[in-house]
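>>> below are the sequence and a predicted model for it; my questions follow.
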Amino acid sequence: MSFKEADLERASTITPVELQDSYSEKEDHDEKEYYTDNDCIQTPVIEIPKKPASAYISVCIMCVMVAFGGFILGWDTGTIGGFESHTDFLRRFGSTNKNGEHYLSKVRTGLLTSMFNVGCSIGSFFLGRLGDMYGRRIGLIIATTIFIVGTIIQVASVKAWYQYMIGRIVAGVGCGVIAMLSPMLISEVSPKHLRGAMVSCYQLMVTMGIFLGYCANYGTKRYSNSVQWRVPEGLQFAWALFMISAMLFVPESPRYLVEKNKIEEAKRSIAKSNKVSPDDPAVVREVDEIKIAVDRERAEGEAGWSEMLDTKTKVFQRVVNGIMLLALQQLTGCNYFFFYGTLIFKAVGLEDGYETAIVFGVVNFFSTFIALYVVDKFGRRACLLWGAAGMTCCMVVFASVGVTRLWPKGKNAGITSQGAGNCMICFSCFFIFCFATTWAPVPFVIISESFPLKVKAKGMALATVSNQMWNFCIGFFTPFIAGAIDFYYGYVFMGCLVFSYFYVFFFVPETKGMVLEDINVMWEEGTLPWKSANWVPPSERGADYDVDAMANDDTPAWKKLIGK
Ligand SMILES: OC[C@H]1O[C@](O)(CO)[C@@H](O)[C@@H]1O
């Protein structure tokens, strides 16, 4: 008899008072009131006990090890821009103009920078399933090995820019898989009240990689030979080897283990993350719940691509949501600053692009720590809404000052206003602050927790592809667009940000602090996003809980927006 059945039987023979008494003895567990449904007592809810913060240090370390995959990705973002300014790199992979100077054309710059993201898309789309086939850890090890092969091709490039580009595509394939499996594994092993923060560690690692990548370029720029770029590039081997070794110590996803019928191992994995015994009733209950979900999904058969279009189970809505959120993350314009911030700073006379980059890197990295706190404290929706509002304000000021004040006598006169430039730099930093604390990590958190297991790999793959393809588009087309319309470009992102605000309000439900299986039920019930913060899991509902009222609302849209 499963724990659930045993519990039901026990619950049916005791009175509510006895039940409450017996629960107050279990001080260790999170107590939830027994509940009634149609006036009969059902399963009392035993939650995995919340321990003092110190008990979670080891699971946090394990999650940071998994999140280290983000560091690899960030290091690449942080170094490629600098490489493209290094003299040795230009000599080897650039063209030569009639004065004998070496340079990279816009197209070649775009290809060298952004084909990496095309590789990422290929990796997440075609190889994301490695995590389902061999487990998330083995999947991550294979992905990192592919990344190492790509790095070897890049480091070994002597003169052929296309060899370097192919190396970036191959490395990108590995990174695409990492970008999918890292957040997935973290979301599946972390205790639910820390899940948002733990998945956000992935983004923290991305920002740390970007920042330290910038620093590495700063450190090697004074060399005149290939040390300039081969050393930062070669350090990738060290990061990759660290990642592979780390995977030997982290727990495997309990959801994957249950799917492979490794129930005892699944219990051990949950117990390890939550610092309780594998026989703890709450662990048994969680494994039982995962098993029920897995069995149900098995009975329904293997999910094909057509199932991604299923509107009845709301899978289609979730797929669209994932694709939209990760597209909108890029359409905030963040990488306009990360890739091309150097040009903006140059406009106010700060000539050293490497230093510029470091300023952005610092703001980005330290702000992400705040994200770890706010994502679980205030919830996903609040973060995204405030983030979109904050970034819209920054972008309006940035673009307007750029358009009206930066060149008082016109761009071609070559005179720039120092005050306007400083103001733009300040607002770029505010923008990065708003981005890093909200939209940078939260979309990853949301996609890692929204999909039922059966379609999770495919759903996350599609969302990651959308992220990478928009990243590619912005990286590739920005030099052309910004060259044509200058700072009016900021208004394009501003428009996207305003749209994002409304999109989140009407389409993104709150998922903070819920077990993954409950999130699935909330979606299936068609809960309206602006009511979702009040959604109650079936196991905790009172008799007066109205599922329909949570899924329907006749008030006009503007009244919903102002909370009437
Ligand atoms: O921190 C900035 C970085 O974060 C991302 O938006 C998502 O990981 C990247 O596209 C960007 O370069």
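Now that the structure is in, tell me what you want to look at.
>>> neighbours of Met205, how many?
Using other Cβ atoms under 10 Å, Met205 has 25 other residues around it. Heads up, the C-betas are built off the backbone N, CA and C, glycines and all.
>>> okay, and it sits in which element?
If you go by DSSP states H and E, Met205 is part of helix 195-220.
>>> swap in Ile425?
Using DSSP H and E, Ile425 maps to helix 418-434.
>>> how much does that helix deviate in direction from helix 195-220?
For helix 418-434 against helix 195-220, the angle by axes from the mean of the first three to the mean of the last three Cα atoms, to 10 degrees is 140 degrees.
>>> any idea of the mean pLDDT in the helix or strand that helix 418-434 is followed by?
Downstream of helix 418-434, the first helix or strand assigned by DSSP H and E is helix 442-450. The average pLDDT within helix 442-450 is 93.
>>> near the ligand at all, helix 442-450?
No - shown here: helix 442-450 not in contact with the ligand (Cβ under 6 Å from any ligand atom), separated by at least 7.4 Å.
>>> which residues sit against that helix?
Helix 442-450 has contacts (Cβ atoms under 8 Å, 6 or more residues apart in numbering) with 183-184, 186-187, 195-196, 199-200, 202-203, 318, 321-322, 325-326, 328-329, 371, 375, 380, 383-384, 387, 459-460, 463-464, 467, 508, 511, 514, 516, 519, 523.
>>> dump it to PDB, keeping only the CA atoms.
The C-alpha coordinates for helix 442-450 follow below in PDB (Å, rounded to 0.1, in the frame of the first residue of the first chain):
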ATOM      1  CA  VAL A 442      12.900  34.900 -14.200                       C
ATOM      2  CA  PRO A 443      12.000  33.600 -17.700                       C
ATOM      3  CA  PHE A 444      14.400  30.600 -17.100                       C
ATOM      4  CA  VAL A 445      12.800  29.900 -13.800                       C
ATOM      5  CA  ILE A 446       9.400  30.000 -15.300                       C
ATOM      6  CA  ILE A 447      10.100  27.600 -18.200                       C
ATOM      7  CA  SER A 448      11.900  25.200 -15.900                       C
ATOM      8  CA  GLU A 449       8.800  24.800 -13.800                       C
ATOM      9  CA  SER A 450       5.800  25.100 -16.200                       C
END
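>>> report the distance from it to the chain centre.
Relative to its chain's centre, helix 442-450 lies at 7 Å (Cα atoms, centre = their mean, to the nearest Å).
>>> can you give me the buried ones in it?
Of all the residues in helix 442-450, those buried under the rule 16 or more other Cβ atoms under 10 Å are 442-450.
>>> thinking again about what came up before, and the helix holding Met205, average pLDDT?
Per-region confidence: helix 195-220 scores 91 on mean pLDDT.
>>> what comes up buried for that helix?
Neighbour-count burial for helix 195-220 flags 195-218, 220 (criterion: 16+ other Cβ under 10 Å).
>>> check whether it comes near the ligand.
Yes - Helix 195-220 lies within reach of the ligand by Cβ under 6 Å from any ligand atom, at 203, 206-207, 210.
>>> give the other helices and strands that that helix contacts.
Packed against helix 195-220 by the contact rule (3 or more Cβ pairs under 8 Å, 6 or more residues apart in numbering; DSSP states H and E) you find helix 57-83, helix 161-189, helix 227-247, helix 353-377, helix 442-450.
>>> of all these, which one comes closest to Ile138?
In terms of Cβ to Cβ, the element of those nearest to Ile138 is helix 227-247, at 7.9 Å.
>>> got the contact list for that closest one?
The contact list for helix 227-247 (Cβ under 8 Å, 6+ apart) reads 65-66, 68-69, 71-72, 75-76, 79, 82-83, 86-89, 137-138, 140-141, 144-145, 147-148, 151, 154-155, 171, 178, 209, 213, 216-217, 220-221.
>>> so how far is the helix or strand hosting Thr144 from its chain's centroid?
Thr144 is part of helix 136-155, with elements assigned from DSSP H and E. Relative to its chain's centre, helix 136-155 lies at 20 Å (Cα atoms, centre = their mean).
>>> Phe431: what's it in contact with?
Residues in contact with Phe431 (Cβ under 8 Å, 6+ apart) are 333, 337, 391, 394-395, 398.
>>> can I get those in a markdown table with secondary structure?
As requested, the contacts of Phe431 are exported to a markdown table (DSSP: H, G, I helix; E, B strand; the rest coil):
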| residue | secondary structure |
| --- | --- |
| Gly333 | coil |
| Phe337 | helix |
| Met391 | helix |
| Cys394 | helix |
| Met395 | helix |
| Phe398 | helix |
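>>> give me the buried positions along the biggest helix by length in the chain.
Assignment by DSSP state H gives helix 453-485 as the longest helix of the chain. The neighbour-count check on helix 453-485 (16+ other Cβ under 10 Å) flags 453-476, 478-479, 482 as buried.
>>> one step back: looking at the buried residues of helix 442-450, which one is closest to Val492?
Pro443 (19.8 Å).
>>> closest to the ligand out of the buried residues of helix 442-450?
For those, the closest approach to the ligand (Cβ to the nearest ligand atom) belongs to Phe444, at 7.4 Å.
>>> for the host helix or strand of Asp295, packing partners?
According to DSSP H and E, Asp295 maps onto helix 281-299. When contacts are defined as 3+ Cβ pairs under 8 Å, 6+ apart, helix 281-299 packs onto helix 3-13, strand 46-47, helix 254-259, helix 263-274, helix 453-485, helix 516-524.
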